[in-house]
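from the sequence below, what's the structure:
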Amino acid sequence: MTTVACNGREIAADSKCSSDDGSFAFLSNKLHHFGESIYGEAGGTGSSKVIKWLSRGATPTDEPAFSKKEGEDFVVLELTAKGMFLLDQALFRFPLKDKFMAIGSGRDVAMYAMKFLGLSPLEAVVAASKIDENTAGPFYSMDLNGRVTVWKAKGGKRA
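As a prediction, the model looks like this:
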């Protein structure tokens, strides 16, 4: 799967995308900026349909349709100046009251790293990659001011 982490000001993600059975993997962009929102996606192919829908303006008459498999295992994390939201196959924006949120297979490590170790979302995703085999760099973060940071996988040094 992946790891996406957010602290209400910055959102970060890894780049590894792998097949369900683990037979192949490739690099993929998991952060997307449209309008006033930054989105991070985790899970199956349904998240890509949601991202495309969001990029087109997210009109109710243009909602994506999901197959049973696509609709079961994905989530999109949205960061805006007004807060964080989760979107799933129901396409409802669930407002989050937490200070931190992480999604994907490295979620637990990233949440711990932000909540208890005081790490940034980018550092938390890198930490998750040390435990979760489905999380790997390069790592990216975006903040609400438009700043993008890249952390290359080799040696854990920022680029």
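
for the most far-flung residue of the chain relative to its centre, give its distance to residue 116.
Distance to the chain centre peaks in the chain at residue 61, reaching 25.6 Å (criterion: Cα atoms, centre = their mean). To residue 116, residue 61 is 44 Å away according to Cβ to Cβ, to the nearest Å. For every residue, glycine as well, the C-beta is placed using N, CA and C.

same check, this time on residue 139
20 Å.

which one of these two has more residues nearby?
residue 139 (29 against 8; other Cβ atoms under 10 Å).

after the lowest-mean-pLDDT helix or strand in the chain, which helix or strand is next?
Within the chain, no helix or strand scores below helix 68-72, which has a mean of 62 by mean pLDDT, DSSP states H and E. Heading C-terminal from helix 68-72, the first helix or strand you meet, by DSSP states H and E, is strand 74-80.

the next helix or strand after that next one - contacts with which helices or strands?
Using DSSP H and E, the helix or strand that directly follows strand 74-80 along the chain is strand 83-87. Of the remaining helices and strands, those touching strand 83-87 by 3 or more Cβ pairs under 8 Å, 6 or more residues apart in numbering; DSSP states H and E are strand 74-80, strand 94-96, strand 101-104.
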